Structure formats: structure tokens, C-alpha cells
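Asker: Sharing a sequence plus its predicted fold:
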Amino acid sequence: MQYIYHMTRLSTPRRGNCRFGQIPAWIRVCAVFMACAAMLPAAIIGQEAAPEQLRRPNVNDVLDATPWSIMAFRGWSNYHTLGRTVRFIWDGAGEDVYGLDVAYTISPTTGFGRFFDRNLAARFQVAGKVNARAQPTGVWITELSAYFALRWRRLPWNHIVATSFSMGEGLSVVSDVPEIEILTTEVGGTSRLLNYWMMEVTLAVPSLPYLQVVGRIHHRSGAFGLFGDAQESGSNTVGLGIRWHM
């Protein structure tokens, strides 16, 4: 039955089919890095990359005393590429994702943490995530991700809405290749181990910055062939979560 399902989905035209694989790999790599670089100024604006004793108080500064955080996550997978997903072009794949994420923030008082604080006005984080992915055929698979992230949280409007932006990079391994990745792979093969990338925004009430509502894009990909034959293999999940700092 699962084979019949795959063949049926493959024979059904999908909306917005993107021939991203026709673009040379070096252009695609440059485009990804340029897109990430373009987002950094917006995240850094107003964060005052000055010595700590000269900075104005910020609502999110109290989070430096709570390096550990935990997040519960619910997401939905998209048939489209990452480029289309970040532009909110949506075609649901019928896959639900449930996750639990644990992160640790390196203190800006340490040498390593101080480097990112002074040069990028960011906090450096290491994190791990476990997902349960409910496939359209009813099969459940497990996904484990380990990654590091940069988070910008000293934003000038935090007294109105306590906000942070984050981007992370790491590895993702699944107990079985997700059906969405089998169906959408157009070049090369698939793999259980793939690159992991995430982009996230958090919102909180200024009086309670420890409790955050999270919006996240969860991305698995072959990183343009860096993972064997998985040149165009991958999946994109958009979801919401609740994070608590402790």
C-alpha cells in the first residue's frame, strides 16, 4: 500500500514545481549565504554593540541568568523548497511533526560567549532536538537533530514585545527517510543523515520574558550534494512552539 501511495503521489502534478536543481550548485550555495547575510542587519539593529556597562537595560537581559531552555513544538511539512517556504508559499504534505528541543546558551561573560556578544551582538547556543514525524500513510518515524545557533535578543522594541531572532546549523538523522523526502527528490537519492538548518523568531510579554511563543522553520537537506547522493533531497517544516527558560 505504501508503494502504491508513493506512485500515486509521484504521478500527481504538484503545484509550484520548482526546477531549483537546474541552477548550478555554486550559485545555489552563494544564494543561501547571501540570504542569511541579508537577514543579519535586521536582527542586529539597535542592539548596541558597546561595552556591557554602557548598554541600556533590555528586557531580555534577564535571560542571561537562565542558560537552559526547553521548547515543545508542533509543525507541518511543506512540499515546496526552502526558498519558497520562507516566502510563505505553502502546499501541505500531510505530515505532522511533534518535537522537543533543549538548548544551552553560552554566557557572554566567558571568552567564547564574549566574542559573539561584542562582534555580532549575539548569543551562541548549542542545542538538541527530538521529533516524532507522523507520515501521511500513518507510519511514525523518529528524528534527532544536534545544532548550534546564533540568537539576537537585545532588540530596541523589547519593552513592547520581547523578541529574539535565531538561525542554527547542524545535523539531522531519522529512523527512516520521510515520505515527503522520497516524493520530492528530483536529483540524486535520499539519506537518513542530512544537514539541518533552522530559522526562528520568539515573542513574549515584557513582564514574563522567560515564557516565549516560537515560530520556527525546520529544514533538512543534502546541502547541494555534501551528503553523498542526496543532492536535492530534503524537507521543510513550519511550526509553532512554547519555550521556557530555566
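Answerer: On my side now, so go ahead. Numbers count the residues shown, from 1 in each chain.
Asker: so residue 201 touches residue 217, yeah?
Answerer: No - contact criterion C-beta atoms under 8 Å: residue 201 and residue 217 do not qualify, at 9.7 Å. Glycine gets a C-beta too; all of them are placed from N, C-alpha and C.
Asker: who has more neighbours, the two?
Answerer: Remark: of residue 201 and residue 217, residue 217 carries more neighbours, 19 against 15, as counted by other C-beta atoms under 10 Å.
Asker: from what I can see that one touches residue 238, true?
Answerer: Yes - when contacts are counted by C-beta under 8 Å, residue 217 is listed as touching residue 238 (5.6 Å).
Asker: The most centrally placed residue in the chain and residue 153, how far apart?
Answerer: By C-alpha atoms, centre = their mean, the chain has its centre lying nearest to residue 198, at 1.4 Å. Distance, residue 198 to residue 153, using C-beta to C-beta, to the nearest Å: 16 Å.
Asker: Where does residue 117 fall, secondary structure wise?
Answerer: Per DSSP states H and E, residue 117 falls inside helix 111-120.
Asker: So which other helices or strands are in contact with the helix or strand where the residue nearest to the centre of the chain lies?
Answerer: Assessed by DSSP H and E, residue 198 sits inside strand 193-204. Applying 3 or more C-beta pairs under 8 Å, 6 or more residues apart in numbering; DSSP states H and E, one finds that strand 193-204 contacts strand 140-152, strand 162-174, strand 211-221.
Asker: which parts of the next helix or strand after the shortest one are buried?
Answerer: Put plainly, it is strand 211-221. The first helix or strand that comes after strand 211-221 along the chain, using DSSP H and E, is strand 234-245. Residues 234-239, 241, 243, 245 are the ones in strand 234-245 that count as buried (16 or more other C-beta atoms under 10 Å).
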